[in-house]
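A.B. asks: Fold the following, please.
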Amino acid sequence: MTARIRRLELTPAERRAAARGNAALALVPRLKADGWRLAATQWLSSRFGDTAAWVTAAQLKQRGVRVETVRVPSEDGGVSIRILNPPGPPRGVVLDMHGGGWVVGSAGLNDHLNADLAAEAGLAVVSVDYRLLSEPRGVLMQHALSDCMAAGRWLAENAGERFGTDRLFLSGQSAGAHLAALTALALRDEGRLGAFRGCVLTYGVYDLSGTPSARAAGPETLILNGPTLASDLGRLTPDRDEAGRRRPDISPLYADLRDLPPALFVSGDLDPLRDDSRLMADAWSGEAELLEVPLAPHGFIHFGGPLAVRALAEIQAWLEQRMAVLEAA
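C.D. replies: Numbers count the residues shown, from 1 in each chain. Below is the predicted model:
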């Protein structure tokens, strides 16, 4: 099935603001999956990540959003989830996986992205504090997927009692979109996906062997280190060769994508992972829409400015449309 492609139209002022933001990003060191930069990023994330979550929790409280942390059962000791409860009874629940290249980030990372969903759209947001890769080499991402699956199972089984609704959605950004896609497939195979009515997958990576745009990324790439991007992905799975990195247990682009709910994919023009979203949207069995954002690099919704504001509004509008359909049924 070919996805419906929609391109975000920017005003001249928005284009100028995006160009200024990209010029600033061009001065920032690129992220790599190896070496001192990764170690420094992991240290900063572990030291200051909880502080950022605490600050946003105070801001959310002012908007009537109650934040709580719950530990849900799993096969290996439980997994922590961070819940943003809306001011009133939840209309639905979003199960969200944060980004960070599988190596940094926490469940509070997306509070500023999910605030409007809770405060304005009336959706509860459940963010998974999945385990990160503790080393750049030699560690697979199965622990992260196991944690996301445990949260998905818990939500599928307890949403009605816990939130008063069985209208569920999956979302994720970057590495989180990768984990969300794999979680959707695993829940489907277990017969637990029925309550999930849609997926929002933002600039995800779905082929760990590297899609054409990832392999062609050059030194002008923003945020990610273009010339080493494909090899950086390989360092995350050092026990596999290129064919092994295309196996569907870690690269959902090559999985059986049947019987999936509607999905919104979001991709930036300047993102070297843009082919991942395009190819995954086309392969998705359910109704799929691809929103292309001009002048947007990888991770852009975290950087603020008009591109982030417009894209987040589009995501909220898509979820609102899905909710309207469900509420009218």
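
A.B. asks: Off-centre distance for stretch 223-232?
C.D. replies: The offset between the C-alpha centroid of stretch 223-232 and the centroid of the whole chain comes to 19 Å, using C-alpha atoms, centre = their mean, to the nearest Å.

A.B. asks: buried ones in it?
C.D. replies: Of all the residues in stretch 223-232, those buried under the rule 16 or more other C-beta atoms under 10 Å are 223, 224, 225, 226, 228, 229, 230, 232. C-beta here means a position set from N, CA and C on the backbone, and glycine is covered the same way.

A.B. asks: Now do the contacts for the third one.
C.D. replies: Counting by C-beta atoms under 8 Å, 6 or more residues apart in numbering, residue 225 touches 30, 31, 32, 232.

A.B. asks: of these, the lowest pLDDT goes to which?
C.D. replies: Looking at those by pLDDT, the weakest one is residue 32, with 72.

A.B. asks: how many other residues sit next to residue 236?
C.D. replies: Using other C-beta atoms under 10 Å, residue 236 has 23 other residues around it.

A.B. asks: doesn't residue 102 make contact with it?
C.D. replies: Yes. Using C-beta atoms under 8 Å, residue 236 makes contact with residue 102 at a distance of 6.5 Å.

A.B. asks: Show me where the stretch 101-250 of the chain has its strands.
C.D. replies: With DSSP state E, counting those that start in this stretch applied, the stretch 101-250 of the chain shows strands at 123-128, 168-173, 196-202, listed in chain order.

A.B. asks: Restrict the longest one to CA atoms and write it as PDB.
C.D. replies: Below are the C-alpha coordinates for strand 196-202, written out as PDB (Å, rounded to 0.1, in the frame of the first residue of the first chain):
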ATOM      1  CA  PHE A 196      -4.400   0.300  19.900                       C
ATOM      2  CA  ARG A 197      -6.100   2.500  17.400                       C
ATOM      3  CA  GLY A 198      -3.200   4.300  15.800                       C
ATOM      4  CA  CYS A 199       0.600   4.900  15.800                       C
ATOM      5  CA  VAL A 200       2.500   8.200  15.500                       C
ATOM      6  CA  LEU A 201       6.100   7.400  14.400                       C
ATOM      7  CA  THR A 202       8.400  10.500  14.200                       C
END
